[in-house]
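1. Starting from these lines, generate the structure:
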Amino acid sequence: MASSLAVCIVNWNTHDHLRRCLESLRQHAADLQPRVVVVDNGSADGSTAMTAAEFPQVQLIANADNRGYAAGNNQALAAVEAEFKLLLNPDVQIHAGSLQYLLEFMAVHPRAGAVAPRLRYPDGRVQLTCRSFPTPDVVFYDALLLAKLFPHSRTLGKYRMSWWAMDDEREVDQPMASALLLRDAALQETGPLDEAFPIFFNDVDLCYRLKQAGWEIWFTPRVEMTHYHGASTSQVWGSMLRESHAGFVRFYRKHYFRRLPPVVYWTAMALLGVGFAVRRTVSALKPSGPHRSTVSGP
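-> Numbers count the residues shown, from 1 in each chain. The predicted model follows:
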């Protein structure tokens, strides 16, 4: 187990979060001897100097500019060989025993291509980090605000799984990649993150491809991590909202264009546009804050 884990972190101007993340790995995962790779996407806040000075054991890749989340993670994934690779956001702090359990889980679930822990905000609230794949019905429910009005409905709240307390271990479609342990054999079969999705929906696309290839994706509440959520994306929230919508459209074009009847596909695309307009209007009326959702999707 000691040589089986790599931790891949993509950083952009989250100096203090990155320091806490790396310190939590040093404190709670030292027995695993993980290979930690930090890809810095052109930060201007001293992140690279801090990492080199305080965490010399970390493999640091410093990009001259921001290459995006998907490309940065692919750099990290390609830079190290390991049986399991953890995608970890720099604003996540691991807890004692969390990585150890995730590795044990993968050992007893040989068809698990990925597993994600439960994430909590710093104030203790559970984050809704799992979603179903964005089939046309959930686009309809979201665009008409039915998912917002009836979040506890298993049908209308299907996409965000807002009916679920996230209190049991189960297979899911797409957990957030903020902390996602991947089996390298599954990655070798399906390929890494698709860089056509630079910020959002690359994790959705990866999970979709894993499922299509027959791999299982799991969520477990038996271990938790703290996630400050959106430390990078909240710095440029307006453009991230547009990127989220663009990612959704790319996902539909890639996976559903030839699978859905044309009338269903184009209706879904029109509803995506309606949903984006609604979210943009609502977002403009709200003050920015650390807990505004940056999860991919409408």
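
2. Give me the residues contacting stretch 86-97.
-> 5-11, 14, 17-18, 20-21, 24-25, 27-29, 34, 38, 73, 99, 102, 119, 177-182, 203, 223-232 (Cβ atoms under 8 Å, 6 or more residues apart in numbering). (Each C-beta comes from the backbone N, C-alpha and C, glycine too.)

3. For it, what does the pLDDT average out to?
-> In this model, stretch 86-97 has an average pLDDT of 98.

4. Note down every partner strand of the biggest strand by length in the chain and its orientation.
-> Ranked by number of residues, the top strand in the chain under DSSP state E is strand 216-227. The pairing partners recorded for strand 216-227 under DSSP bridges are strand 92-94 (antiparallel), strand 112-120 (parallel), strand 170-171 (antiparallel).

5. Please tabulate those strands in a markdown table and include distance to Thr135 and mean neighbour count as additional columns.
-> Output for the strands paired with strand 216-227, formatted as a markdown table (distance: least, Cβ to Cβ, whole Å; neighbours: other Cβ atoms under 10 Å):
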| stretch | distance to Thr135 | mean neighbour count |
| --- | --- | --- |
| strand 92-94 | 29 | 23 |
| strand 112-120 | 20 | 24 |
| strand 170-171 | 17 | 12 |
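
6. any idea how far Gln75 is from the closest residue to Ile61 other than its chain neighbours?
-> Nearest residue to Ile61, sequence neighbours excluded (Cβ to Cβ, 6 or more residues apart in numbering): Val39, at 4.6 Å. Val39 sits 5 Å away from Gln75, going by Cβ to Cβ, to the nearest Å.

7. Please enumerate the shared neighbours of these two.
-> Ile61, Asn63.

8. right, and the strands paired with strand 216-227 - which one's nearest Leu210?
-> Closest of the strands paired with strand 216-227 to Leu210 is strand 112-120, at 4.4 Å (criterion: Cβ to Cβ).

9. wait, what's in contact with Thr190?
-> Listed by Cβ under 8 Å, 6+ apart, the contact set of Thr190 reads Gly113, Leu206, Arg209, Leu210, Gln212, Ala213, Trp215.

10. For those residues, pick the one with the most neighbours.
-> Among these, Leu206 has the most neighbours (other Cβ atoms under 10 Å), with 28 neighbours.

11. which residue packs closest to that residue, ignoring adjacent ones?
-> With sequence-adjacent residues excluded and distances taken as Cβ to Cβ, 6+ apart, Leu206 is closest to Leu193, at 5.7 Å.

12. ok, the one you found touching Arg67?
-> No. The pair Leu193 and Arg67 does not pass the contact test of Cβ atoms under 8 Å, sitting 11.8 Å apart.

13. who has more neighbours, those two?
-> Set Leu193 next to Arg67 and count neighbours by other Cβ under 10 Å: Leu193 wins out with 23 against 19.

14. need the contact list for the more buried one.
-> Contacts for Leu193 (Cβ under 8 Å, 6+ apart) come out as Ala70, Ala71, Asn73, Asn74, Leu77, Asn202, Asp203, Asp205, Leu206.

15. re the thing from before, tell me which helix or strand the residue nearest to Ile61 sits in.
-> strand 35-41 (DSSP states H and E).

16. thinking again about what came up before, check the offset of the longest strand of the chain from the chain's centre.
-> Relative to the centre of its chain, strand 216-227 is centred 12 Å away, using Cα atoms, centre = their mean, to the nearest Å.

17. re the thing from before, mind putting the strands paired with strand 216-227 into a markdown table with distance to His255?
-> As requested, the strands paired with strand 216-227 are exported to a markdown table (distance: least, Cβ to Cβ, whole Å):
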| stretch | distance to His255 |
| --- | --- |
| strand 92-94 | 28 |
| strand 112-120 | 17 |
| strand 170-171 | 19 |
